[in-house]
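Colleague: Take this sequence and fold it.
(one chain, ligands or ions: 1)
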Amino acid sequence: MTRAPVLVPDPLLRLRPLVEPELKAAVGRLHPTLARMGGYAFGWCAADGTSASAPGGKNVRSALALLAAEAAGGTARVAVPAAVAVELVHGFSLVHDDIMDGDELRRGRPTLWKAFGSGPAVLAGDAMLALALSTVARTGLDTACTELADSLGALMRGQADDLAFESRPFTGPEAVTVDEYLAMARDKTGALLGAGAAMGAAFAGAGSDTVAAYRRFGGELGLAFQAVDDVLGIWGDPRRTGKPAGSDLARGKKTLPLLSALATATPASARLARLLERPLTGDELHIAAALVEEAGGRRHAQDHARTHHRRALHAMKSAAFRPGPAADLTALATCLLRRTA
Ligand SMILES: CC(C)=CCC/C(C)=C/CC/C(C)=C/COP(=O)(O)OP(=O)(O)O
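Modeller: Numbering: from 1, shown residues only. A predicted model of the protein is given here:
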């Protein structure tokens, strides 16, 4: 599958040159095998180490860290260690998540475990995590270390919840509720975006109340981001998302559109619940997606995304955000709400 180029908003393009060389240099200092795997995961080289690159990620978390530093009164440059660390943690989480889910495609090409094997991929993910921690620890900024460590605890908690949801039924008293889903997404996705923003503010010299305001901002944005991700997981164009169409539905993943649809007492939700009693075939995937839509699941998820986007912008109303640089954060937040990749 050829992946369409990932369109990135202006603030991300402006900041990328600050982060990418540092990230490359850090990954390059790993054991040569792990460095090559890291280079592949970030899209800088092919599996054989040649320099044929692929569209990497959107670098949302690093941009958030740098823009937060600017909005909190510092320069983007001071927050580069935070930016590098959040991209490394994000990379680690995707590598391990793909192994856990058995996903074969990521960012438009074979996942790391598919290209190198599960054992080496586990190790490469671990190496990215270790590198993230040492990158921040070396700055000696305790607040940033604490923010990162706390977000990792949340990340693992969220992933454990998500895993536990897999063995819960779609309907009945044991079914996963939308509130449970939101708590899981706050941990799994919101915490790292929150840590990125909070660390950015901390590197700019902000005090604990300000750092907390940035953490809230990033956390709310993360919830909006995950809701959009869930919508794209069902209805996104694989050439833009880099992931196969309908893979979440095929795996029976308890995503926000699906849970919201099942929570409605409508004929469409009843048909959907019956359909989900057995693994879905190719044709049934389309039927299930249509039923989720008919029961209002897509609209609900989009409403959630808008609500958390609004809350994120509300968190920015505090004096801790300088109006000029905060405009870039607003632009980024709005781009993330409207994204198609
Ligand atoms: C502990 C553990 C294994 C946790 C896994 C947590 C996990 C996979 C969370 C998913 C978060 C998410 C929306 C990823 C897509 O990010 P993106 O659209 O920014 O991806 P990109 O970098 O490819 O653009």
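Colleague: anything in the host helix or strand of residue 14 near the ligand?
Modeller: Taking DSSP states H and E as the criterion, residue 14 maps to helix 10-28. No. Contact of helix 10-28 with the ligand (CB under 6 Å from any ligand atom) is absent, the minimum separation being 10.2 Å. Heads up, the C-betas are built off the backbone N, CA and C, glycines and all.
Colleague: Ok, stretch 138-155 next?
Modeller: Yes. Applying CB under 6 Å from any ligand atom, one finds that stretch 138-155 is in contact with the ligand at residue 155.
Colleague: Buried by neighbour count: which residues of that stretch qualify?
Modeller: 139, 141, 143-148, 151-152, 154-155 (16 or more other CB atoms under 10 Å).
Colleague: mind checking the SS state of the residue lying closest to residue 273 once chain neighbours are set aside?
Modeller: Among residues not flanking residue 273 along the chain, residue 171 sits closest, at 4.8 Å (CB to CB, 6 or more residues apart in numbering). Three-state assignment for residue 171 (DSSP: H, G, I helix; E, B strand; the rest coil): coil.
Colleague: Need phi/psi at residue 171.
Modeller: The phi and psi torsions at residue 171 (degrees, to the nearest 10) take the values phi -130, psi 170.
Colleague: Among the buried residues of stretch 138-155, which one sits closest to the ligand?
Modeller: Of all these, the ligand sits closest to residue 155, with 4.8 Å by CB to the nearest ligand atom.
Colleague: got a list of what the closest one touches?
Modeller: Listed by CB atoms under 8 Å, 6 or more residues apart in numbering, the contact set of residue 155 reads 89, 93, 187-188, 191-192.
Colleague: Ok, residue 209 next?
Modeller: By CB under 8 Å, 6+ apart, the contact list for residue 209 reads residue 320.
Colleague: Can you point out the helix or strand that includes it?
Modeller: Using DSSP H and E, residue 209 sits in helix 208-235.
Colleague: what's around residue 207, how many residues?
Modeller: By the measure other CB atoms under 10 Å, the count of residues near residue 207 is 12.
Colleague: Could you give the residue of this structure that lies closest to the ligand?
Modeller: The chain approaches the ligand most closely through residue 57 (2.3 Å), counting by CB to the nearest ligand atom.
Colleague: Following element in sequence after the helix holding residue 209, please.
Modeller: That would be, after helix 208-235 and using DSSP H and E, helix 238-241.
Colleague: so what's the most centrally placed residue in the chain closest to, chain neighbours aside?
Modeller: Taking CA atoms, centre = their mean, the centroid of the chain lies closest to residue 189, which sits 5.4 Å from it. Leaving aside its sequence neighbours, residue 189 sits nearest to residue 226 (CB to CB, 6+ apart; 4.1 Å).
Colleague: Please verify my assumption that that neighbour contacts residue 192.
Modeller: No. Between residue 226 and residue 192 there is no contact under CB atoms under 8 Å: 10.8 Å.
Colleague: ok, which pair from the contacts of residue 155 is furthest apart?
Modeller: The distance between the two most remote of these (CB to CB) is 13.6 Å, for 89 and 187.
Colleague: Please identify which of these two sits among more neighbours.
Modeller: Comparing residue 89 with residue 187 by other CB under 10 Å, the one with more neighbours is residue 89, at 25 against 22.
Colleague: neighbours of the residue nearest to residue 273, just the number please.
Modeller: Residue 171, neighbours per other CB under 10 Å, totals 15.
Colleague: Which pLDDT does the model give it?
Modeller: For residue 171, the model assigns a pLDDT of 93.
Colleague: what's the answer for residue 204, then?
Modeller: Predicted confidence (pLDDT) for residue 204: 98.
Colleague: need the contact list for it.
Modeller: Residues counted as contacts of residue 204 (CB under 8 Å, 6+ apart) are 68-70, 72-75, 78-79.
Colleague: Now pLDDT, distance to the ligand and secondary structure too, for those residues, in JSON lines please.
Modeller: Shown next, in JSON lines, are these (pLDDT from 0 to 100; distance: CB to the nearest ligand atom, whole Å; DSSP: H, G, I helix; E, B strand; the rest coil):
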{"residue": "68", "pLDDT": "96", "distance to the ligand": "16", "secondary structure": "helix"}
{"residue": "69", "pLDDT": "97", "distance to the ligand": "19", "secondary structure": "helix"}
{"residue": "70", "pLDDT": "95", "distance to the ligand": "20", "secondary structure": "helix"}
{"residue": "72", "pLDDT": "96", "distance to the ligand": "22", "secondary structure": "coil"}
{"residue": "73", "pLDDT": "96", "distance to the ligand": "27", "secondary structure": "coil"}
{"residue": "74", "pLDDT": "97", "distance to the ligand": "24", "secondary structure": "coil"}
{"residue": "75", "pLDDT": "96", "distance to the ligand": "24", "secondary structure": "coil"}
{"residue": "78", "pLDDT": "98", "distance to the ligand": "23", "secondary structure": "helix"}
{"residue": "79", "pLDDT": "98", "distance to the ligand": "18", "secondary structure": "helix"}
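Colleague: For PyMOL, what selects the buried ones among these?
Modeller: The PyMOL command for the buried members of these (criterion: 16+ other CB under 10 Å) is given here:
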select buried, resi 68+69+70+72+74+78+79
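Colleague: Please state the backbone phi and psi of the residue located most distally from the centre of the chain?
Modeller: In the chain, counting by CA atoms, centre = their mean, residue 267 sits farthest out from the average C-alpha position, at 33.3 Å. Dihedral pair for residue 267: phi -60, psi -40, per degrees, to the nearest 10.
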